[in-house]
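Trainee: For reference, the sequence and a predicted model appear below.
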Amino acid sequence: MAPHDIYGASYRTSVAPLIQFEDVPLSIAYENLARQDHIEYLLDPQINFGYPEPVVTRRWEKITATYAFLDICTNFGFKVFRDPETSIILIRNTNHPANFVTPDFYGNDTNIVPLIEFRSVRLSIVLKNLAEQTGLKCIFSPQIDPWQLGFEPQINISWENLTAKQALAALCENYDLNIIKYPESGIIRVEPAD
């Protein structure tokens, strides 16, 4: 694997003389490394860090942040999948496969957005926003009970240079959401996976 490549996705990288973490929470380590090499990623919601969150204590010399990012994934036993339509990386539990839906399913939006960013925004709001940007209306199945009870995931992402439909497809994949599309009405219905 080339230093700038995660399973086919190129990143802006440079070799750092030293990358070091001392008892850093895993999510913070991922965020730090991703920012250095502009890696766009999503953590599998099935990864339950628990409390306290696992910590990273590692020291690398003459390595890219991308390699450090992948090394952490390997050390914690996670699999890395790249969305074939985007540069988004999914970090998954070993027993949680990726079954990507092509973004074309969501419409013909080809407008590249320079930055898509959400900080602590409820998943339903993010999905509605992205669907709106692709010209679709997003509704939710009543089967998504935990969302009604306040257990809805909070989304923290910062992605560059992709379409809203690509972001929508990646989020639905990551959170195992099935989508039913009603082409005549421009509505998509979000349902939990079976």
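Mentor: Perfect, I can see it now. What you see is a predicted model, and the numbers here were worked out from it, not measured in a lab. Numbers count the residues shown, from 1 in each chain.

Trainee: Pull out the buried residues from stretch 84-95.
Mentor: For stretch 84-95, a neighbour-count test (16 or more other CB atoms under 10 Å) marks Glu85, Thr86, Ser87, Ile88, Ile89, Leu90, Ile91, Arg92 as buried. To be clear about C-beta, it is placed using only N, CA and C from the backbone, and glycine gets the same treatment.

Trainee: wait, I meant stretch 50-64
Mentor: Neighbour-count burial for stretch 50-64, counted by 16+ other CB under 10 Å, picks out Val56, Trp60, Ile63, Thr64.

Trainee: can you tell me which of these lies nearest to Pro153?
Mentor: Val56 (22.8 Å; CB to CB).

Trainee: Surely that closest one is in contact with Phe21?
Mentor: Yes: using CB atoms under 8 Å as the test, Val56 is close enough to Phe21 to be in contact (4.5 Å).

Trainee: shared neighbours, those two?
Mentor: Ala29 (CB atoms under 8 Å, 6 or more residues apart in numbering).

Trainee: show me what contacts the nearest residue to Gly186 once chain neighbours are set aside?
Mentor: Leaving aside its sequence neighbours, Gly186 sits nearest to Leu136 (CB to CB, 6 or more residues apart in numbering; 5.4 Å). Residues near Leu136 by CB under 8 Å, 6+ apart: Tyr106, Gly107, Gly186, Ile187, Ile188.
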